[in-house]
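Trainee: Okay, here's the prediction I keep looking at, along with the sequence it came from:
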Amino acid sequence: MLRISTVVFQNMSIAAACLFTVSGCGESQVDQVEEAAAPTFDVALLDSTWPVMVAAPSVLDGLVGDLGWQAYYGRDYATALEAFKDDPALSARIHSEIAAVYRNALGIQTGSIIETYKPEETREGDPIETGYLLGVSYMLDSDTEAAGQLLGQFAESSVEMVVENDASWLAIVTSGQELAGGALPNIAGLGPVEVGSIPSPVISAPHFQLPETVGDRTVAASDPTVLAQLAFWHQSAAEIAGGNGGLHNAVWGVNTGDVSGEVTLSDLFLGPWMNAADLSFIVDIGSEISVEALFAEHANSIIAVALQGCVTPESVLLECAQEQGSMVKTAVLNRMNEVADVESADYRDLAQLAQVGVIRAAIRLSDMVGDVRSSGLLRIGALENERPPTLDPVFQLAMAAWDVGNRNPRRASELLHVHEDRLAGLDSARYSLDALNLRVSRDAGAGLPMH
Amino acid sequence: MGLTRNTLVALGAFAAIFTMGQSLSFYEESLPTTMNPLYARSMVDNRAQELVMDRLYFHSPINNDLTSRLVSQWQMAQGGTAMRLTLNDGITWHDGEAFSANDVCFTIMTMLDESNPSPVAAQRRGDFTGCTVEDGGTALISFARIFHNPRSRLGFYILPAHVFNGNTSIQPDNEFASHPIGTGPVRGNRGRRGVAFERVQNGHHNARIQRMSLQEGSDPLVQVRTLQNNGVQGIITVPPPYRVDVSSSDELTLKSYDLRSWWFVAVNTNKSALSDTRVRQALNLIIDRTELRQLSIGVGPEEENSPCEFISGPFVQSSSYYNRAVEVVERANIGEATRLLRAAGLRKVGGTWHHNGEPVRLRIGIKASLDIEAPDLLSQIGNQLDAAGFGRQEHKISTDEWNRLALTGQLDDYDLIVGKWSFGLVEDVDPLFHTRAGGRGSLNIFNYSNEQVDGLLDQFLASRTQTAAQDAYHGLHQALADDLPYLFLWKLDTKSAWRTDVRGITVSAYYYWTEFDSWRYNP
């Protein structure tokens, strides 16, 4: 059973500065009142959302003045982890989010490698060792059969590191063991998992120079194993930290452990999920459950309540989901104003996260029911609503990975470029994405610059 | 100036009263110069054509599927050197004539007709050898060689054979440029003050907006105020300083428009002082890009996630072709610039640089529509050069002059020209920097010519592998950063603004209106 603990939330440290000066949100925005249709959410449900729970100035001022939350707001993970190092719940949440960032970057990389070098896309001159990259990508993409046909064939490669890594991967494939951090070849050279730290790979990208089979050029390439190791490392850190590491990993789509812990404000503040039931709802989307049962079992999730009328077993009604996102935002904002008995420019930004949560849940629901068009349009709409400085690297890199799967490297390149310096090792994905970008653009033929 | 601007704002509000609730109107950067896709020169031209015409194949802006509204089936033929296309039934041209395989083949034969002075056709001419109409609904396209993913070569607009009586020689001044007949979701007519679009129901299009008008945008403040007053419902390009105004209104929404655009100052390397590389390098160090960006775009020096990112060569930083080893020049270095100018033989007399005993006075131009997108950029560049000891004259270049003279290399009385280039999926810079000869260098503004640069462009063209292509462009980036026919400025994100009662908006990369059928307007 998940429930919010207000005790933990009230014990959070209090400082003075205003976080939201960072956002550029000014006085003029205070007066902007939403004009969506009157929202009809139950007051108790609204009061269970974290924006309403923190709305009182005496509470919110403390939170937004906290250096850790300020860092998290700008997705400065290193500073946030340092500030939260004595708080297991927050450490778990941050490590889990970092793992998600790495996992999505890995999705960009493996997707790019597959789309570039899969058998029907091979080109004259492709290095032989791209078969190794493809094998690792299939393996990390859970296609062990395809991986098994490729790995273990590069013992004669002129690239020493490929020979070593290929042998290590072959051993894993042969053993049939489940993929986990400790089971991967330690290419990144990461040390033991240590809560509160962010390790850097000992090797920098590009990891290889692979000789082309025509001419004497080499292709700069990176091994996806490195990003996989980084993702696994932080998943483990989230688990070890305590708190709700397992739950947070599950929210990001990875089952690593117990998801039944008590949810506190630490698990929700500044995130898109509004209450404990939302977290549970999100974890269950895509599991072996019918649409009807999914909504029936999460009546306390404000996001589920909002989206209930927008989902059929085959589709997500796009405009309904968008409208509900706007309605939840308005309802939360209005309730914040009522509870606090004041209006604040910060409330608008916080309530905006409710809308983000509804739309992200709708994307997951679209994927669950196989509504490709709504999934795409909701993703594009969600990306439109991202505003600096609160660009969410997890979502943006997930968007880039989705684009790559659609052979659309153009927007993916831009999204990765924005985030690739955020964490050590993310640049590894760029070399694979560059290869896809080159392949797709060269296939397209002519193009004239326009003024 | 202030009074004029206020008056214009008031006029925008006045216009709102009389246009509200009638048809959907929007501001473009300028008026399109042609609606004939063979002669598109600007993004405005491209966008207008996307509304009126259909491309044979296009990428879905939602999931990137390579798809077609005109073709129902395709299959490779003749060992991979040809493709047989079966067309959809029930599609008509805007004048009621039936769309057929004859139109597909006519378009390809028009592109192959070398009497057409069309840069667009010239770019695609190497892809095809011919086209055969097998029956009214089937065309067989012959490729010049076997291509990977050959459908991606078919992203061109289809022309109506009957309008030209089958004559594949189509000149730029043909009536079609103003009153095109297409199969797109709307019919378009270009007048002197705008373009009027009207919905056409068709077998493959079902636009929900009945009428639309394109107007030329002027002062960005006027544009935004008119949008707020519902005098227009959209603005294609909102300059960064005005985006806060738009995003803070619940009646307006910003939409990203994915263009690979970068800005530059072209340098006339044929002018006496500017022909010396050291002088161009000095100008590159005199330009303080950080200050320019702050003054004209409104981006502070330390601002993160800026919509405006400096570049050091002819690609955006996220491009695979961008050479990251070439550093951007963010700040001015007047000391080093002075050393270079002296080494080049220039002398400073009374605070002004002299060359061969004459004061250097630079004639600087900017394409007029860019002065709206980056207000005062021309003046700020002029101020920086003036402060460094160069006289300057500033001029705005109309779109017509740009097309007739700048793109054809005939603005040789200018020393510097500020411009912007936008790219689709393909980042081909050969037309910009190759020596103007044999159809290459067709957009080479100051007829720049450099043997090393030509060689690298040739290498790119001849590259068999993508690594060879990337290496060639990385080398080109370095060579251009050294020789400086352009002073490279920045990439600038493009954002549109629409009123929220315009619904179902999906803005496609580069082409913008690809999903126009889903747009709705319910005032």
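Mentor: Looks like it arrived, so ask away.
Trainee: which of the residues in stretch B:267-286 are buried?
Mentor: Going by neighbour count (16 or more other C-beta atoms under 10 Å in any protein chain shown), the buried part of stretch B:267-286 is B:267-269, B:271, B:273-274, B:276-286. C-beta here means a position set from N, CA and C on the backbone, and glycine is covered the same way.
Trainee: Go through those and flag which are in strands.
Mentor: Judged by DSSP state E, strands contain the following of these: residue B:267.
Trainee: Quick one: name the residues of the stretch 1-150 of chain B near chain A.
Mentor: Selection of the stretch 1-150 of chain B residues close to chain A by C-beta under 8 Å from any C-beta of the partner chain yields B:40-43, B:45-46, B:59, B:61-65, B:119-120, B:123-124, B:126-127, B:147-149.
Trainee: Go through the residues you listed and flag which are in helices.
Mentor: Cross-referencing the residues of the stretch 1-150 of chain B next to chain A against helices under DSSP state H gives B:43, B:45, B:46, B:119, B:120, B:123, B:124.
Trainee: any idea which of those residues has the most stuff around it?
Mentor: The most crowded member of those, judged by other C-beta atoms under 10 Å in any protein chain shown, is residue B:43 (27 neighbours).
Trainee: All the strands of the stretch 401-523 of chain B, residue numbers only.
Mentor: B:416-423, B:486-492, B:494-499, B:502-503, B:520-521 (DSSP state E, counting those that start in this stretch).
Trainee: Need the winner for burial among those.
Mentor: strand B:486-492 (a mean of 25; mean count of other C-beta atoms under 10 Å in any protein chain shown).
Trainee: If you count contacts, what does that strand end up packed against?
Mentor: Under the contact criterion of 3 or more C-beta pairs under 8 Å, 6 or more residues apart in numbering or on different chains; DSSP states H and E, strand B:486-492 touches strand B:260-267, helix B:277-286, helix B:289-292, strand B:308-310, helix B:466-483.
Trainee: just checking, what packs against the first one?
Mentor: Secondary structure elements in contact with strand B:260-267, counted by 3+ C-beta pairs under 8 Å, 6+ apart, are strand B:416-423, strand B:486-492.
Trainee: let's go with 10 Å and repeat that
Mentor: In terms of contacts (3 or more C-beta pairs under 10 Å, 6 or more residues apart in numbering or on different chains; DSSP states H and E), strand B:260-267 is packed against helix A:409-419, helix B:277-286, strand B:308-310, strand B:361-367, helix B:368-373, helix B:377-388, strand B:416-423, strand B:486-492.
Trainee: Mind telling me which of those the model trusts least?
Mentor: The minimum mean pLDDT among the helices and strands packed on strand B:260-267 belongs to helix B:368-373 (a mean of 89).
Trainee: Residue B:296 - how many residues pack around it?
Mentor: Residue B:296: 22 neighbours (other C-beta under 10 Å).
Trainee: And residue B:452, how far from chain A?
Mentor: Using C-beta to the nearest C-beta, to the nearest Å, residue B:452 is found at 20 Å from chain A.
Trainee: Let me see the contact set for that residue.
Mentor: Shown in contact with residue B:452 (C-beta atoms under 10 Å, 6 or more residues apart in numbering or on different chains): B:475, B:476, B:479, B:480, B:482, B:483.
Trainee: For PyMOL, what selects the buried ones among those residues?
Mentor: Selection of buried members from the contacts of residue B:452 for PyMOL, criterion 16+ other C-beta under 10 Å:
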select buried, chain B and resi 475+476+479+480+483
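Trainee: Determine how far stretch B:410-425 lies from the middle of the whole chain.
Mentor: Computed by C-alpha atoms, centre = their mean, to the nearest Å, the chain-centroid distance of stretch B:410-425 equals 11 Å.
Trainee: those helices in the stretch 351-451 of chain A, which residues are they?
Mentor: Applying DSSP state H, counting those that start in this stretch to the stretch 351-451 of chain A gives helices spanning A:372-384, A:393-405, A:409-419, A:428-443.
Trainee: need those in a markdown table with distance to residue A:344 and mean neighbour count, can you?
Mentor: Converted to a markdown table, those look like this (distance: least, C-beta to C-beta, whole Å; neighbours: other C-beta atoms under 10 Å in any protein chain shown):
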| stretch | distance to residue A:344 | mean neighbour count |
| --- | --- | --- |
| helix A:372-384 | 25 | 20 |
| helix A:393-405 | 25 | 24 |
| helix A:409-419 | 29 | 24 |
| helix A:428-443 | 39 | 25 |
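Trainee: Out of those, the one nearest residue B:184 is which?
Mentor: Nearest to residue B:184 among the helices of the stretch 351-451 of chain A is helix A:372-384; the distance by C-beta to C-beta comes to 21.3 Å.
Trainee: tell me which strands and helices that closest one is in contact with?
Mentor: helix A:318-340, helix A:345-369, helix A:393-405, helix A:409-419, strand B:252-257.
Trainee: Would you tell me which of those gets closest to residue B:323?
Mentor: Of all those, helix A:409-419 sits nearest to residue B:323, with 14.5 Å by C-beta to C-beta.
Trainee: Can I get that closest one as CSV, trimmed to CA atoms?
Mentor: Only the C-alpha atoms of helix A:409-419 are listed here, as CSV (Å, rounded to 0.1, in the frame of the first residue of the first chain):
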residue,chain,number,x,y,z
PRO,A,409,18.1,11.0,-36.4
ARG,A,410,17.6,14.7,-37.1
ARG,A,411,15.6,15.7,-33.9
ALA,A,412,17.4,13.0,-31.9
SER,A,413,20.8,14.6,-32.7
GLU,A,414,19.5,17.9,-31.5
LEU,A,415,18.1,16.4,-28.3
LEU,A,416,21.2,14.4,-27.5
HIS,A,417,23.4,17.5,-28.2
VAL,A,418,21.5,19.5,-25.5
HIS,A,419,22.2,16.8,-22.9
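Trainee: what about that helix and chain B, touching?
Mentor: Yes: contact of helix A:409-419 with chain B (C-beta under 10 Å from any C-beta of the partner chain) involves A:409, A:410, A:411, A:412, A:413, A:414, A:415, A:416, A:417, A:418, A:419.
Trainee: just stretch A:90-103 next, same as before
Mentor: No: if you take C-beta under 10 Å from any C-beta as the test, stretch A:90-103 misses chain B, and the best it gets is 15.9 Å.
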